[in-house]
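Enquirer: coords below, sequence missing:
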């Protein structure tokens, strides 16, 4: 396996079109991980909120009230 320094050395001498493809592939691979991280953080936050509701730290807003509030916010 190549070291990071070797990869950088080889990548910097690539033609611009190949550099562009490499950059796109790197961004795609990072985006997939960022999506996974974001999903996991969302799940963790939802679990924390459910625990707060279960232990009485916070109260849930009834669905009909929440929808009414969202509609008011979205109306021009």
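Expert: Nice, thanks for sending it over. Note that the coordinates shown come from a computational prediction; the quantities given were computed from them, not determined experimentally.
Enquirer: C-alpha from now on. contacts and neighbour counts both.
Expert: OK.
Enquirer: Give me the distance between the two termini of stretch 4-18.
Expert: In stretch 4-18, first residue to last residue: 18 Å (C-alpha to C-alpha, to the nearest Å).
Enquirer: Start at 46, not 1
Expert: Happy to do that; since the first residue is 46 now, the last one works out to stretch 49-63.
Enquirer: where does it sit relative to the chain's centre, distance-wise?
Expert: 28 Å (C-alpha atoms, centre = their mean, to the nearest Å).
Enquirer: Contacts for it, please.
Expert: Residues from elsewhere that reach stretch 49-63 (C-alpha atoms under 8 Å, 6 or more residues apart in numbering): residue 64.
Enquirer: I'd like the distance between residue 114 and residue 97.
Expert: From residue 114 to residue 97 the distance is 22 Å (C-alpha to C-alpha).
Enquirer: Mind checking which of those two has more residues around it?
Expert: Of the pair residue 114 and residue 97, residue 97 is the one with more neighbours under other C-alpha atoms under 10 Å, namely 14 against 11.
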